[in-house]
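1. Predicted model and sequence follow; I will ask about them next.
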Amino acid sequence: MKSNLQKVLKAGHFSVTAEIGPPMSADADFVRKKARDMAGLVDAANVTDNQTAMVRMSSIAAAYLIQQEGLEAVVQMTCRDRNRIAIQSDLLGAYALGLRNVLCLSGDHQSFGNHPQSKNVYDIDSIQLVNALRMMKEEKVFMCGRSTKTPAEFFIGATANPFADPEELQFIRLHKKIAAGAQFIQTQAIYDVEKFAGWMERVRKAGLHNKAYILAGILVNKSLKSIEMTKKVAGMDVPDIFVERMAKAVSQEEEGVRIALDLINEIRKIEGVKGIHIMAVGWENIVPVIVEKAGFLPRPAL
């Protein structure tokens with residue numbers, strides 16, 4: 001059975017996804033409220049997996065809670081914290097709970113988080129994870145080759161960063177992820193639209209936009225400090241004009257929304273872009289405002 005996100009994309013609609021960060025606690029109501037705020041307004045919501053290597057509620061548990069509130073989830077699964085046995089086991093459980101979308105990531109290094117002394121795993125990388133899930137779905141086998149009678153048949157996603165160096169290596173990894181079985185790609189946050197348009201031109205020339213749905217990432221900044229910190233993150237390309245706009249704004253929150261809307265308006269015109277992925281880290285209640293002002297409502301009911 002196809003997920004709602006997969007149906008929306010397959011039907012040719014411009015998709016809208018957002019992101020929900022689970023709490024650093026066991027507070028189920030925290031997750032449920034965020035889900036209720038977005039239900040019906042986006043096609044699916046990513047649930048991050050210990051983002052920035054900080055301990056949070058399990059992405060699978062939070063995704064399950066979210067779907068109970070009527071919002072489809074995209075389970076994010078990193079390779080940092082689990083070996084291939086645990087990853088396959090957890091994703092079998094996720095599918096059994098009704099979760100149908102998965103985004104495969106390597107994961108931020110643990111030295112960035114609140115347990116820098118911990119050991120990482122990285123038994124497999126995100127490309128191998130994508131391939132493992134494709135094999136499970138198409139060939140009904142685990143990574144070891146042993147068969148499974150009832151495989152998890154996820155709508156499989158991966159990430160891409162159009163701005164990270166070296167550019168050529170990043171493009172080769174995109175090729176590999178799609179060849180391995182990635183059906184949709186969510187990109188790093190886009191600020192430099194001209195540079196992203198050039199990257200999409202390469203994507204189109206390689207025909208990758210016909211093999212996987214490309215969803216462009218939009219990060220919503222709430223303050224000058226937020227966008228200044230974003231600019232310092234490795235692999236991010238934030239033109240100075242956006243920092244200047246935030247610095248001069250009477251209301252930085254309102255300017256952050258205007259910047260996001262301006263970017264969405266330009267990015268949606270680029271050939272081959274099939275959707276937007278909104279990341280409002282710690283500010284999820286602004287997502288409905290952006291979706292409405294961008295003209296994305298109503299969402300298709302399929």
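-> Alright, I've got the coordinates.

2. make it CA atoms for all contacts and neighbour counts henceforth
-> OK.

3. quick one, what contacts the closest residue to residue 128 other than its chain neighbours?
-> Excluding the flanking residues, the one nearest residue 128 by C-alpha to C-alpha, 6 or more residues apart in numbering is residue 180, at 7.6 Å. Going by C-alpha atoms under 8 Å, 6 or more residues apart in numbering, residue 180 touches 127-128, 130-131, 134.

4. can you rerun that using 7 Å?
-> Each residue near residue 180 by C-alpha atoms under 7 Å, 6 or more residues apart in numbering is listed here: 127, 130-131.

5. wait, which of the residues you listed is closest to residue 196?
-> For the contacts of residue 180, the closest approach to residue 196 (C-alpha to C-alpha) belongs to residue 127, at 22.6 Å.

6. helix or strand for that closest one, which one?
-> Here residue 127, judged by DSSP states H and E, is contained in helix 126-138.

7. contacts for the following helix or strand past that helix?
-> Using DSSP H and E, the helix or strand that follows helix 126-138 towards the C-terminus is strand 155-160. Applying C-alpha under 7 Å, 6+ apart, the contact partners of strand 155-160 are 3, 6, 100-105, 130, 174, 177, 182-188.

8. Which of those fall within strands?
-> Secondary structure defined by DSSP state E assigns 101-105, 184-188 of the contacts of strand 155-160 to strands.

9. which one's the longest helix in this protein?
-> Looking across the chain with DSSP state H, the single longest helix is helix 252-267.

10. And that one, what does it pack against?
-> Under the contact criterion of 3 or more C-alpha pairs under 7 Å, 6 or more residues apart in numbering; DSSP states H and E, helix 252-267 touches no helix or strand at all.

11. Now do the helix or strand just after it and helix 252-267, the angle between them.
-> For helix 252-267, the following helix or strand on the C-terminal side (DSSP H and E) is strand 273-279. Strand 273-279 and helix 252-267 are oriented at 170 degrees to each other (axes from the mean of the first three to the mean of the last three C-alpha atoms, to 10 degrees).

12. mind listing what's buried in the helix or strand following strand 273-279?
-> Sequence-wise, the next helix or strand downstream of strand 273-279 (DSSP H and E) is helix 287-293. For helix 287-293, a neighbour-count test (16 or more other C-alpha atoms under 10 Å) marks 287-288, 290-291 as buried.

13. same check, this time on stretch 190-210
-> Under 16+ other C-alpha under 10 Å, the buried positions of stretch 190-210 are 190-193, 196-197, 199-201, 203, 208-209.

14. mind listing which of those residues are in helices?
-> In helices, judged by DSSP H, the following of those are found: 193, 196-197, 199-201, 203.

15. Which of the residues you listed sits closest to residue 262?
-> Using C-alpha to C-alpha, those come closest to residue 262 at residue 193, 10.2 Å.
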